[in-house]
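Q: build the 3D model from these lines:
(chains A and B)
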Amino acid sequence: MRIRNLRTGTAPPPLRTTDLLVLTVLADGPQHGYGIAQEIGARMRGHLRIRPGDLYRVLYRMDRAGLIEPATESSRRRENDERRVNYRITPLGRRVARAQAALLAEICAGLLRGAAPSGGAL
Amino acid sequence: MNRPSARVRERLWTSLITTLLLCYPRRFRARFGADLRSQYPVPDSRWLTCAASAARDLAAGGVGARLDDARRVCVAVTFPSVDAIRVDTRYVLRSMRRRPLVPLGVVATLALAGSVNAVVFAILDTTLLRPLPYADAEQLVSIGNQWKDFDHSALSVPEYLAYRGRSRTLESMALFTAASFNLESELGGPERLLGARVTASFFDLLGIRPSLGRVFTAEEDRPRASAVVLLSDGLWRRRFGADPHVIGTVIAFDSGRREIIGVMPPELRLPEPETELWIPLSINVAEPGPRGNHNRQAIGRMKPGVGFDQVRAEMHTLAAQLQLEHPEAYPAGSGWNTSVRDLREHLFGDFRTPLTLLMAAVLFVLLIACANVANLMAARATERRHELATRSALGAPRFRILQHAVVEGLTLGVAGGTAGLALGSGIIDLLRSQFPARLLVPDHLLLDARVAGFAVGATACAGVLASLSTTPGRRMTALLAASRGSTVADRRRMTSGLSAAEVALATFLLIAGGVALRSFANLVRADPGVSIDGIATARVTALNRYASLDELAGYFERIVASVSHAPGVRHAGLTSILPLSGDTEDRSFAIEGRTRPGEPSPNQQMRAVGGEYFQAIGIRLVAGRYFDSRDTTSGERVAVISALAARKYWGDRSPIGARINFGGLMSREPWTTIVGVVGDVRHRGLASEFVPMMYVPVQQLPQRSLTIVARLEPLRGHSAGFIADRVRSVDPLQPVFEARMMDEWFSRSVAEPRFSLVLLGLFAALAIALTAVGIYGVMTSMLARRTRELGVRLALGADRVALVRLILGHGAIITSIGLATGLAAGLTASALLDSAFIGGRTIDPIVLGAVVTLVAGIALLACIVPARRALRVDPVIALRAE
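A: Here you go, the predicted model:
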């Protein structure tokens, strides 16, 4: 109870990179664990490979912080895959992710501006 | 090899994943376990690779998740509400008042262990942890010479001047030497004072200001400058009644009169803790004296920003230069180099191992006390299980129950620690005279925030640890309401485990104590090479009262005559340095026909002796003769060497008649003939080896400071004071000091190892006593819980002997598990013990046997009382009790 009070306070603690990535993926819609890992790999163009053990640690952490939750009505996209649990972002998670993204964008803007003329495309 | 069938493989895989999931917190498994498991389907091939990868992945993730959880708990625990703590504290205090016996026992146990912790930590802190009482003390270094046989020995004046002139890493350097002074005073009689001669830079370098007056200037540090002296705080109070107008007073020493210009604060304990006055060293830069006269100590202050390693590197470079410039002074085989040490390390480094060991020992005692407290509190927790179950059932979060336990443990721990601190203060006062003189012993434990913080903090930790360990686990809370089932077995296993741990710790401490005892016994049994019993000594340092060497020789001759003609004295003699007193003196010499020109001459420990010194102190003659009346000032130069020295320089040939020269081959000094070989002596103390030694007659090497050695006839009851009085009667104005029997010197030379031994013994005794109480407690409470069961067994016709066997068997299991663990730990750590104590053997069957017998015996005793009670259980009463 005390913890919840802390967590819903006005200033949530900054998210770690993996946390933010997971929230970014889930912001596009509910996803199951394997899917989240695949999606992160794809979006990071293979620069980051997240293992299931770590992914679920992140999910657990954010679940306890109230940022994500397991989707209750099991959306059975595939008939043979009923064991899979989908996770979705909570409204709090969305707010936190947005705030963090805005903050990061602001911080990184200068970095990108400086890099643009010489660095060119990736 | 057969590959496991598909079903077996699947089952193996499932159980592997199940086991690995245990790495995650319980809450995680409840919510995500199944989903995470589905991420690891049974592999079709490369079974082992997949298993390894899953193991790594899940173990890392699980530990990470637990860490995340721990961080959350920390956040939660940092802000518990003040109200809840107040409620808990009030509740704890009230329940203690209601049933004071257990809390009192807990506080007493913690106080006992806390007191020894406070004492040892206080000494460790002042000696090794706290900065020395000088400005920026970490910048101070001690600079010395390193030889093949000496790690860090004195410098000569030319060496000091070379380093001071060339070093770029040192801001300043100071040179000093201990010296004794004979104070001639109309009031209070003549007194010999330990003082020091120091360069003017000494006080500035240490950053010490006088508490009265001023320190001497560079001008006053020149030869033939005005004679000044600085007093210690102690001398100022003792001889001058703390007179604030003492500055300007001229006091008379037998070396001349000096004006008091300042009084130094009590923090200045250099070069010795007992130093009572400081005078200028007055180096004559134009004629600094021989390079081989290594009898000065040097300290330096590093420049800001300069590291210790830089100083060391520079000093080694300078040493290489000096070696090139003066090859005759630093021969190739001598192993010479400059030695730089941290000043604290130089002053107290030898205390490091024993003190650390003692600290470990008392922390062990605290751990044992902690286990005892846990046992005591477990008994109470059993009583409280209904209450806890109710609270838990009514929705008290586990966190609140833990908080209650923490508050309870803290209350008891702080009370125990405070009581222990007071007790420790008493212990320090009691033991103060026993501590080695060089050790810094704090005056007030109670007023010292660091010591108080450590002692109370340590016992508070012990209290909380004990309290938490008796708080029922998650599963138990749920089961507690049912109360009579498995919880008892659970609890019993825990208390038995704690007792076994106690036995292990006590065993370990006893082994440490035993090894220390054995090595101390070896030390005391070591043959010093001289007689100890019935030998009186007294020392005289004659300065300007006997200015000429003839007068000096005459004075000492009169002393020898007076003492040797005293009734009850068999032999009397003189020596420049008494064996076991810890001082050293050496000279180099060339051997005729052996030392080649330009070849380095060996450095040799040397003593000037007179009268019947050898007969008096009991050094036997091996070959040739002792010194006698032929060996006069004008007679042929002679020397006697010890058997080791004879073997070292002449091998199997007889050294008698061989000639040496202390000035070197080319010197005009007369040659010295070896006339005798005598037995070896452990000059540097019992703990060291025999030292090759050379003796010359004091008539041929006059000394101003000599120790009179007299062999007394047994049964005359004479003491050292009697000899001192005889010496004093020769010249009443000359101070006589260090009037001691040889056995007192002996006892002093083993004071430090004996002190460690006494403390270790004390702690081991404390540990074994606490353990006995612990085992007794476990047995008694086990018996109390099982009264009903025993009653049923008896009613059903069980043999009483079998019941006793049951109890003793339980005790035997606890004891043997503890013994085995303790022995294993003791044997593992014995290498460490070995290095800390001289002559201790790594594995000593006698010590091990004694420890096992002692521990087993005490454990048996602790079991017998409950066992006897079991014999008296009345089945009817036992059954009715429920």
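Q: mean confidence for stretch B:365-374?
A: For stretch B:365-374, mean pLDDT rounds to 83.
Q: what about it, distance to the chain center?
A: 24 Å (Cα atoms, centre = their mean, to the nearest Å).
Q: so the closest residue to chain A within chain B, which state does it fall into?
A: Nearest residue of chain B to chain A: B:Gly61, at 2.9 Å (Cβ to the nearest Cβ). No exception for glycine: its C-beta is placed from N, CA and C like everyone else's. Classification of B:Gly61 using DSSP: H, G, I helix; E, B strand; the rest coil returns helix.
Q: these two touch, right, it and A:Tyr60?
A: No - between B:Gly61 and A:Tyr60 there is no contact under Cβ atoms under 8 Å: 9.1 Å.
Q: overlap of the contact sets of those two?
A: B:Tyr24 (Cβ atoms under 8 Å, 6 or more residues apart in numbering or on different chains).
Q: just the strands in chain A please.
A: Taking DSSP state E to define them, one finds strands in chain A at A:31-32, A:68-70, A:86-89.
Q: can the second one be said to contact chain B?
A: Yes - applying Cβ under 8 Å from any Cβ of the partner chain, one finds that strand A:68-70 is in contact with chain B at A:Pro70.
Q: mind listing what that strand pairs with, with the direction of each?
A: Paired neighbours of strand A:68-70 in the sheet (DSSP bridges): strand A:86-89 (antiparallel).
Q: can you tell me the closest non-neighbouring residue to the residue of chain A at minimum distance from chain B?
A: Nearest to chain B in chain A, going by Cβ to the nearest Cβ, is A:Gly53, at a distance of 2.9 Å. The spatially closest residue to A:Gly53, leaving aside those adjacent along the chain, is B:Gly61, at 2.9 Å (Cβ to Cβ, 6 or more residues apart in numbering or on different chains).
Q: tally of neighbours for the one you found?
A: Using other Cβ atoms under 10 Å in any protein chain shown, B:Gly61 has 25 neighbouring residues.
Q: list the contacts for it?
A: Neighbours of B:Gly61 in contact, by Cβ under 8 Å, 6+ apart: A:51-57, B:23-24.
Q: for the helix ranked longest in chain A, packing partners?
A: As assigned by DSSP state H, the longest helix anywhere in chain A is helix A:91-119. Here helix A:91-119 touches helix A:17-27, going by 3 or more Cβ pairs under 8 Å, 6 or more residues apart in numbering or on different chains; DSSP states H and E.
Q: ok, and what's touching the helix it packs on?
A: Here helix A:17-27 has contacts from A:15, A:31, A:36, A:39-40, A:43-44, A:48, A:50, A:54-55, A:58-59, A:61-62, A:67-68, A:87-89, A:93-94, A:96-97, A:100-101, A:104, using Cβ under 8 Å, 6+ apart.
Q: tell me the pLDDT of B:Ala710.
A: On the pLDDT scale, B:Ala710 gets 93.
Q: so what does the closest residue to B:Phe435 other than its chain neighbours look like in phi/psi?
A: Nearest residue to B:Phe435, sequence neighbours excluded (Cβ to Cβ, 6+ apart): B:Val441, at 5.1 Å. In terms of degrees, to the nearest 10, the main-chain angles of B:Val441 are phi -110, psi 120.
Q: these two touch, right, B:Val441 and B:Val120?
A: No - applying Cβ under 8 Å, one finds B:Val441 not in contact with B:Val120, separated by 11.3 Å.
Q: ok, these two, which is more surrounded?
A: The residue with more neighbours, out of B:Val441 and B:Val120, is B:Val120; 25 against 17, by other Cβ under 10 Å.
Q: I'd like the mean pLDDT over the host helix or strand of that one, please.
A: Secondary structure assignment for B:Val120, by DSSP states H and E: helix B:101-124. Averaging pLDDT along helix B:101-124 yields 86.
Q: what distance do you get for B:Leu193 to B:Phe176?
A: 16 Å (Cβ to Cβ, to the nearest Å).
Q: got the CA coordinates for stretch B:47-59 in CSV?
A: C-alpha atoms of stretch B:47-59 as CSV (Å, rounded to 0.1, in the frame of the first residue of the first chain):
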residue,chain,number,x,y,z
TRP,B,47,20.0,-30.5,-25.6
LEU,B,48,22.9,-29.5,-23.5
THR,B,49,23.6,-26.2,-25.3
CYS,B,50,19.9,-25.2,-24.8
ALA,B,51,20.0,-26.2,-21.1
ALA,B,52,23.2,-24.1,-20.5
SER,B,53,21.7,-21.1,-22.3
ALA,B,54,18.4,-21.4,-20.4
ALA,B,55,20.3,-21.7,-17.1
ARG,B,56,22.4,-18.6,-17.7
ASP,B,57,19.4,-16.7,-19.0
LEU,B,58,17.0,-17.6,-16.1
ALA,B,59,19.6,-17.3,-13.4
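Q: contact partners of it?
A: Contacts for stretch B:47-59 (Cβ under 8 Å, 6+ apart): A:51-54, B:9, B:13, B:16-17, B:20-21, B:23-24, B:36, B:40, B:43.
Q: pick out the most distant pair among those.
A: A:Asp54 and B:Arg9 (26.2 Å; Cβ to Cβ).
Q: which one's more surrounded, these two?
A: Comparing A:Asp54 with B:Arg9 by other Cβ under 10 Å, the one with more neighbours is A:Asp54, at 18 against 15.
Q: residues contacting that one?
A: A:Asp54 neighbours (Cβ under 8 Å, 6+ apart): A:18, B:57, B:60-61, B:64.
Q: got it, and B:Phe364?
A: B:Phe364 touches B:505, B:508-509, B:763, B:767, counting by Cβ under 8 Å, 6+ apart.
Q: go on, B:Ile708?
A: B:537-540, B:559-560, B:563, B:572-574, B:723, B:727.
Q: touching, B:Lys648 and B:Met693? I think so.
A: No - counting by Cβ under 8 Å, B:Lys648 does not reach B:Met693; the two are 10.4 Å apart.
Q: one step back: may I see the buried residues of the helix holding B:Val120?
A: B:102-103, B:105-107, B:109-124 (16 or more other Cβ atoms under 10 Å in any protein chain shown).
Q: ok, for B:Leu823, nearest residue in space, not its chain neighbours?
A: B:Thr507 (6.1 Å).
Q: now do the contacts for the one you found.
A: B:818-819, B:821-823, B:825-826, B:851, B:855.
Q: please name the strands paired to the longest strand along chain B in the sheet, noting orientation.
A: Using DSSP E to define each element, chain B has its longest strand at strand B:170-184. Strand B:170-184 sits in its sheet next to strand B:191-198 (antiparallel), strand B:250-253 (antiparallel), strand B:297-302 (antiparallel), going by DSSP bridges.
Q: buried set for it?
A: B:170, B:172-184.
Q: CA-only coordinates of that strand in PDB, if you can.
A: Backbone C-alpha positions of strand B:170-184 (Å, rounded to 0.1, in the frame of the first residue of the first chain) are rendered in PDB as follows:
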ATOM      1  CA  LEU B 170      59.700  15.400  -0.100                       C
ATOM      2  CA  GLU B 171      58.600  18.800   1.100                       C
ATOM      3  CA  SER B 172      60.800  18.600   4.200                       C
ATOM      4  CA  MET B 173      62.800  16.100   6.200                       C
ATOM      5  CA  ALA B 174      63.700  15.800   9.900                       C
ATOM      6  CA  LEU B 175      66.300  13.700  11.700                       C
ATOM      7  CA  PHE B 176      66.100  12.600  15.300                       C
ATOM      8  CA  THR B 177      67.500  10.200  17.700                       C
ATOM      9  CA  ALA B 178      66.400   9.100  21.200                       C
ATOM     10  CA  ALA B 179      68.800  10.100  23.900                       C
ATOM     11  CA  SER B 180      68.900  10.000  27.600                       C
ATOM     12  CA  PHE B 181      69.600  12.900  29.900                       C
ATOM     13  CA  ASN B 182      70.600  13.100  33.500                       C
ATOM     14  CA  LEU B 183      68.700  15.900  35.100                       C
ATOM     15  CA  GLU B 184      70.500  17.400  38.100                       C
END
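Q: that'll do, ta.
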